[in-house]
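[1] Show me the folded form of this:
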Amino acid sequence: MPKMNAAQLEAFMAQAFPQMDSLNLRVEEVRPRYLRARVVTSEKNLRPGGTIAGPTMMALADCVTYLAIMATLDHGEAAVTTNLNINFLKRPDPADLIAEARLLKLGRRLAVGDVMIYSDDGSEAADHPVAHATLTYAIPGNG
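    Numbers count the residues shown, from 1 in each chain. Alright, predicted model coming up:
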């Protein structure tokens, strides 16, 4: 069972990281070592040319991985990003983004996550990712 549910994770983010409110993140599914979330996009997420800005996708990848750790570990709030690598695979249309984070490794000191980001633009192509990220987090005080 997850340590925190979707509502608890969203409440934690609102309290601990109020500056992330602009991301408009909605947690849709939580399981141990897995989290699915949506960014309800708006004009503030777009870059010139009408596509979703890279920093929005990077913030999304970072947030969903952090929340997956929070939902899995009792002391997950102490985790800090040590590496984020993202590949932008396809130009996303100005539509909601969906991210699926999986924790590939959850050790005493490090967590490694994999995030696939999709555009929820209503097309059949929505099944193809627009970005892929791998992240590593340090877990202080755990061992």
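
[2] partners of the lowest-mean-pLDDT helix or strand in the chain in the sheet?
    The helix or strand of the chain with the poorest confidence is strand 46-47; it has a mean of 84 (mean pLDDT, DSSP states H and E). The strands that strand 46-47 pairs with in its sheet are strand 51-52 (antiparallel) (by DSSP bridges).

[3] ok, Val30 to Asn83 distance?
    Computed as CB to CB, to the nearest Å, the Val30 to Asn83 distance reads 24 Å. For every residue, glycine as well, the C-beta is placed using N, CA and C.

[4] okay, the two: which has more neighbours?
    Val30 (23 against 11; other CB atoms under 10 Å).

[5] isn't the more buried one right up against Pro2?
    Yes. Proximity of Val30 to Pro2 meets the contact threshold set by CB atoms under 8 Å, at 4.7 Å.

[6] Between these two, which contacts overlap?
    Ala71 (CB atoms under 8 Å, 6 or more residues apart in numbering).

[7] Give me the distance between Ile98 and Asp74.
    Ile98 is 28 Å from Asp74, where distance means CB to CB.

[8] the more surrounded of the two?
    Neighbour count, other CB under 10 Å: between Ile98 and Asp74, Ile98 has more, with 21 against 9.

[9] Which strand residues bridge the nearest residue to that one once chain neighbours are set aside?
    Spatially, and ignoring its direct neighbours in sequence, Ile98 is nearest to Tyr118 (4.7 Å; CB to CB, 6 or more residues apart in numbering). When bridges are called by DSSP bridges, Tyr118 pairs up with Ile98, Pro129.

[10] Go ahead and confirm Tyr118 touches Leu97.
    Yes. Counting by CB under 8 Å, Tyr118 touches Leu97, with 7.0 Å between them.

[11] Common neighbours of the two, please.
    With CB under 8 Å, 6+ apart, Tyr118 and Leu97 have common neighbours Val130.

[12] between those two, which one's more packed in?
    Legend: neighbour count by other CB under 10 Å for Tyr118 and Leu97, higher for Leu97 (25 against 21).

[13] Model confidence score at the closest residue to that one other than its chain neighbours, please.
    Nearest non-adjacent residue to Leu97, counting by CB to CB, 6+ apart: Val39, 4.5 Å away. Looking at Val39, its pLDDT reads 93.
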